[in-house]
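# Output the structure for:
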Amino acid sequence: MRRFAIWGIIVALLAAAAAFGAWRYFNVDPYAGWAVVVASGDYHAHDGGPSRAFDNARRDVVTELEHVGFAKQNIRQYSAWSRYFARDASDGTNADTIGNLLASATKSAPDGCLIYFSTHGTPYGIVLGDEILRPSQLAHILNQSCKTKPTVVVISACFSGVFVQKLAAPNRLIVTAARKDRTSFGCGTTDRYPYYDTCFLHTLSQAHDFRDLAYKTKACVAEMEEETGMEPPSEPQISIGKNVMAELKGW
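Okay, the predicted model is just below:
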């Protein structure tokens with residue numbers, strides 16, 4: 001009898017394994033077909049000294065996105081740190097480079113777009129290498145490659161709220177680290193990440209979807225700023241298009 005019981009357990013385990021394999025086969029990660037660009041736009045701290053804070057954020061955001069189901073082969077990266085110290089002399093502007101990276105990713109990943117920047121910001125746009133990427137340029141990039149696909153844009157930079165109005169669309173979720181007239185914090189020479197990236201990375205594994213992630217990251221930033229006495233508050237911005245939430249699945 002004991003032998004039959006053991007065989008019964010083995011058969012049950014094999015059936016469970018087969019069922020799990022079938023579930024994995026038919027339930028592909030909802031973001032496996034999304035195109036992703038993650039960019040660190042500068043290699044300087046706020047005082048002009050060298051800083052890897054933005055590049056650390058780029059590297060670890062990519063890792064965490066892979067953990068929640070974005071496919072490694074569909075992720076493209078831009079690193080101002082690597083380009084500068086490699087003395088990269090690529091033709092074209094840095095905005096062209098971002099556009100080309102996104103266009104390349106969408107060829108094999110047509111389901112949606114995610115673009116994430118960690119960098120310094122100005123009232124006119126964000127630092128991208130030795131240039132300023134303006135809201136109109138990023139809007140053009142998204143319109144060219146992503147069109148009406150569900151799109152998530154995360155901009156971790158001072159004054160990044162300046163992008164919201166230009167990028168807002170029914171198919172887009174736009175989140176920024178600060179209001180258009182406020183700085184964000186955490187880009188010194190000894191910081192591991194800027195505040196917003198710290199909170200994004202901390203929250204990603206706890207959140208259930210992008211809306212949840214956006215609001216929990218915003219709350220985390222407010223708490224960090226209060227604890228460290230940073231003011232005035234950066235007040236991260238969230239713009240949710242009327243159609244986008246139906247397309248943004250949980251993880």
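
# does L173 sit in a helix, a strand or a coil?
Under the three-state scheme (DSSP: H, G, I helix; E, B strand; the rest coil), L173 adopts strand.

# And for I132?
Classification of I132 using three-state DSSP returns strand.

# what about it, distance to G188?
The span separating I132 from G188 equals 22 Å under the rule Cβ to Cβ, to the nearest Å. Placement of C-beta: from N, CA and C, glycine included.

# Neighbours of F159, how many?
F159 has 24 neighbouring residues, counting by other Cβ atoms under 10 Å.

# quick one, phi/psi of the residue lying closest to it once chain neighbours are set aside?
If the residues on either side of it in the chain are set aside, F159 comes closest to G121, at 4.4 Å by Cβ to Cβ, 6 or more residues apart in numbering. Dihedral angles phi and psi of G121 (degrees, to the nearest 10) take the values phi -130, psi 160.

# Isn't G121 up against G161?
No. The pair formed by G121 and G161 falls short of the contact definition of Cβ atoms under 8 Å, at 9.1 Å.

# what's the overlap in contacts for the two?
With contacts taken as Cβ atoms under 8 Å, 6 or more residues apart in numbering, the residues that reach both G121 and G161 are A178.

# Which residue of those two possesses the greater neighbour count?
Between G121 and G161, counting by other Cβ under 10 Å, G121 is the more crowded of the two (30 against 25).

# What confidence value was assigned to the more buried one?
At G121, the model reports a pLDDT of 97.

# Mind listing the residues bridging to it?
Applying DSSP bridges to G121 yields these beta-bridge partners: I126.

# so how far is S104 from it?
G121 sits 26 Å away from S104, taking Cβ to Cβ as the criterion.

# shouldn't T151 be in contact with T106?
No. Applying Cβ under 8 Å, one finds T151 not in contact with T106, separated by 10.6 Å.

# Quick check: neighbours shared by the two?
C113.

# Who does T176 form a beta bridge with?
On DSSP bridges, the residues paired with T176 through beta bridges are I155, Q237.

# so where's this structure shaky on pLDDT?
Along the chain, the parts satisfying pLDDT under 70 run over 1-27, 83-92.

# Do you have the strands of it handy? List them.
Counting by DSSP state E, the segments of the chain that form strands are 34-40, 75-79, 112-118, 121-122, 125-128, 131-133, 151-156, 172-176, 237-240.

# Would you format those as TSV with distance to H202 included?
Putting those into TSV (distance: least, Cβ to Cβ, whole Å) gives the following:
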stretch	distance to H202
strand 34-40	17
strand 75-79	20
strand 112-118	15
strand 121-122	21
strand 125-128	22
strand 131-133	26
strand 151-156	13
strand 172-176	15
strand 237-240	17
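
# Figure out which of those is closest to T97.
strand 75-79 (6.3 Å; Cβ to Cβ).

# list the helices and strands the closest one packs on?
In this structure, strand 75-79 packs against strand 34-40, helix 53-67, helix 94-108, with contacts taken as 3 or more Cβ pairs under 8 Å, 6 or more residues apart in numbering; DSSP states H and E.

# before we move on, back to that, out of the strands of the chain, nearest to R192?
That would be, of those and by Cβ to Cβ, strand 112-118, which comes in at 11.9 Å.
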